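Asks: Quick one: sequence and predicted model below, then my questions.
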Amino acid sequence: MEKVKQFIEDNKDRFMAELFDAIRIPSISSLSAHKDDMTKMANFFKDSLLKSGVDRAEVMPTAGNPVVYAEKIIDPAKPTILVYAHYDVMPVDPIDLWDTPPFEPEIRDGKIFARGADDDKGQGFMHMKAFEALVACDALPVNVKFMIEGEEEIGSVSLGAFCDANKDMLSADYILVSDTSMIGADVPSITTGLRGLAYWQVEVTGPNRDLHSGLFGGAVANPINVLANMIASMTDEDNKLTMPGFYDDVLESSTEERALLNKAPFSTDDYKAAIDVDELDGEKGYTTIERVGIRPSFDVCGIWGGYTGEGAKTVLPSKAFAKISTRLVPDQNNEKIAKMFEEYFVSIAPKSVKVKVDSLHGGQAYVCPIDLPGYKAAEQAYEKVYGKMPIPMRSGGSIPIISTFEEKLGIKSILMGFGLEADAIHSPNENYPVDNFYKGIETITWFYKYFAEIAK
């Protein structure tokens, strides 16, 4: 392992340069204008994996963006790890809030600034480089497979079918994922749970055309006003959802589990300062850590309608729109919740408007037991590199495909994230600490060593 560590040190600059090349490809999966970039990005990862030492790598078609699959089988009798990552990234808007161009990576203040620096090109690239270091030093102790998709940011819509069609090819003992975060740069943690997700777009239609707000205002329902009132009615004074049946299947955490969760280092003042707010908000009766880890939530992700250009235009709009999401917890079913919301939201609309609800995507919550051999190997790896035991934590985020892996492939995922809350993923000025990138590579190499020992 000393040779492996030295190899990483000797190749640090090259690793970073190759990551920068990956970041420069604007692989935004939600925008059709970047369709060619998705193929270009997939081929870049395929070539990178071949250079890293896999025996086989190919770009495989799906109904949407292609999946990059690669493998190195050193001995069929040995355990196998399947590495999952995604090469697509979020849109960059609002572009004017970026300090530097989002696809021209730059290091400043010890951080890589660019779209995809953390989520997930930076974290995904760590796995390729950890693998490369082990292969180069003849220290790879288990079989390794890679599955890198291009639709995670739009709900992994094609990957379930890909898993169904390739179960034998994807067989493994564990799936290893780095698409989550740690509590702090010096406080390593392993994500043991992810919230599920249900996501909709709603459309509220009033009159058959935009109207003059002076001639019709006060006599005709304004779809934006109606939509705002409908959304406001979805939560009560305790910030609980008012939708009947929403909490019926929520797996309530025990007093002991809640106490353990709240032992994680957390400063409310630092949390508020990091996002520049004076007060926090959420479901009454729960701490901030609990609200984002073990409780469901409801958020409007976007809302629009009418005139939004420069200056004034006195218009009563014909339509109003919103994108709405709920984060779900075990044992809530995202498909059940999606249907429930659609029926309820339509039912609370006044007769003065028509309402349309489209379900865009969703996924189930996921929980990883901390007594699994794969988890124990990850725990030892963090302790080796960071000098302290990682803290198990529940993430408020969602990676819908993780629960799909368990359902379709029957494989548990180990979530070894190295991002930080301050990395601004999905936001302008996304960044990733350089130190986390290199420590992540080293930690992953130790995971393989410890997993091989535990799996004997």
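Replies: Received it, and whenever you're ready, just let me know what you need.
Asks: make it CA atoms for all contacts and neighbour counts henceforth
Replies: Will do.
Asks: Now do stretch 113-125: everything it contacts.
Replies: By C-alpha atoms under 8 Å, 6 or more residues apart in numbering, the residues outside stretch 113-125 that reach it are 19, 22-23, 84-90, 92, 100-107, 178-179, 417-419, 423, 425-426, 428-432, 437, 440.
Asks: Mind listing what's buried along stretch 417-433?
Replies: Neighbour-count burial for stretch 417-433, counted by 16 or more other C-alpha atoms under 10 Å, picks out 417-420, 423-433.
Asks: contact partners of that stretch?
Replies: So stretch 417-433 is contacted by 90-95, 97-100, 102, 110-119, 122-123, 177-185, 189-191, 274, 436-437, 440 (C-alpha under 8 Å, 6+ apart).
Asks: Of these, grab the buried ones for PyMOL.
Replies: In PyMOL, a selection of the buried entries from the contacts of stretch 417-433 looks like this (16+ other C-alpha under 10 Å):
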select buried, resi 90+91+92+98+102+111+112+113+114+115+116+117+118+119+122+123+177+178+179+180+181+182+183+185+189+190+191+436+437+440
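Asks: just checking, which of the contacts of stretch 417-433 belong to helices?
Replies: The members of the contacts of stretch 417-433 that map onto helices under DSSP state H are 122, 123, 274, 436, 437, 440.
Asks: okay if I get those residues as TSV plus distance to residue 204 and pLDDT?
Replies: Formatted as TSV, the ones in helices among the contacts of stretch 417-433 follow (distance: C-alpha to C-alpha, whole Å; pLDDT from 0 to 100):
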residue	distance to residue 204	pLDDT
122	40	98
123	40	98
274	36	87
436	45	98
437	45	98
440	47	98
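Asks: Can you lay out the residues you listed as CSV showing distance to residue 244?
Replies: Shown next, in CSV, are the ones in helices among the contacts of stretch 417-433 (distance: C-alpha to C-alpha, whole Å):
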residue, distance to residue 244
122, 42
123, 40
274, 35
436, 44
437, 45
440, 44
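Asks: Of all pairs in the residues you listed, which one is the farthest apart?
Replies: Using C-alpha to C-alpha, these reach their maximum pairwise distance at 274 and 440, which is 23.5 Å.
Asks: burial measure for the residue nearest to residue 353 when sequence neighbours are not counted, as a count.
Replies: Closest residue to residue 353 apart from its sequence neighbours, by C-alpha to C-alpha, 6 or more residues apart in numbering: residue 206 at 4.6 Å. Burial of residue 206 is recorded as 22 neighbouring residues (other C-alpha atoms under 10 Å).
Asks: where does residue 206 fall, phi/psi-wise?
Replies: Main-chain dihedrals, residue 206, degrees, to the nearest 10: phi -110, psi -110.
Asks: Check whether it really touches residue 318, as I assumed.
Replies: Yes. Counting by C-alpha atoms under 8 Å, residue 206 does reach residue 318; the two are 5.3 Å apart.
Asks: Could you tell me which residues touch both of those two?
Replies: 222, 223.
Asks: For the stretch 1-150 of the chain, just list every one of the helices.
Replies: Ranges of helices in the stretch 1-150 of the chain, per DSSP state H, counting those that start in this stretch, are 2-10, 12-23, 35-52, 121-136.
Asks: Ranking those helices by mean neighbour count, which comes first?
Replies: Of all those, helix 121-136 has the most neighbours on average by mean count of other C-alpha atoms under 10 Å, namely a mean of 24.
Asks: Give me the angle between that one and helix 35-52.
Replies: 20 degrees (axes from the mean of the first three to the mean of the last three C-alpha atoms, to 10 degrees).
Asks: Can I get helix 121-136 as PDB, trimmed to CA atoms?
Replies: Provided in PDB are the C-alpha atoms of helix 121-136 (Å, rounded to 0.1, in the frame of the first residue of the first chain):
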ATOM      1  CA  LYS A 121     -17.300  13.900 -12.000                       C
ATOM      2  CA  GLY A 122     -14.800  14.700  -9.200                       C
ATOM      3  CA  GLN A 123     -16.100  12.000  -7.000                       C
ATOM      4  CA  GLY A 124     -16.500   9.500  -9.800                       C
ATOM      5  CA  PHE A 125     -13.000  10.200 -11.100                       C
ATOM      6  CA  MET A 126     -11.600   9.300  -7.700                       C
ATOM      7  CA  HIS A 127     -12.700   5.700  -8.200                       C
ATOM      8  CA  MET A 128     -11.000   5.400 -11.600                       C
ATOM      9  CA  LYS A 129      -7.800   6.800 -10.200                       C
ATOM     10  CA  ALA A 130      -7.900   4.600  -7.100                       C
ATOM     11  CA  PHE A 131      -8.400   1.600  -9.300                       C
ATOM     12  CA  GLU A 132      -5.600   2.800 -11.600                       C
ATOM     13  CA  ALA A 133      -3.200   3.100  -8.700                       C
ATOM     14  CA  LEU A 134      -4.000  -0.400  -7.400                       C
ATOM     15  CA  VAL A 135      -3.600  -2.000 -10.900                       C
ATOM     16  CA  ALA A 136      -0.300  -0.100 -11.600                       C
END
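Asks: ok and that helix relative to helix 12-23, angle-wise?
Replies: Calculated by the same axes, to 10 degrees, helix 121-136 forms an angle of 130 degrees with helix 12-23.
Asks: How far away from the center of its chain is helix 121-136?
Replies: The chain centre lies 20 Å from the centre of helix 121-136; the measure is C-alpha atoms, centre = their mean, to the nearest Å.
Asks: Please renumber the chain so that the first residue is 25 from this point on.
Replies: Sure, I'll start counting at 25 from here, so that last one is helix 145-160.
Asks: Which residue, neighbours along the chain excluded, lies closest to residue 94?
Replies: residue 81 (4.0 Å).
Asks: shouldn't residue 466 be in contact with residue 156?
Replies: No. Contact between residue 466 and residue 156 fails when scored by C-alpha under 8 Å: they sit 11.4 Å apart.
Asks: now the closest residue in space to residue 337 that isn't next to it in sequence, what's its secondary structure?
Replies: Sequence neighbours aside, residue 331 is the residue nearest to residue 337 in space, at 6.6 Å (criterion: C-alpha to C-alpha, 6+ apart). At residue 331 the chain is in coil, as set by DSSP: H, G, I helix; E, B strand; the rest coil.
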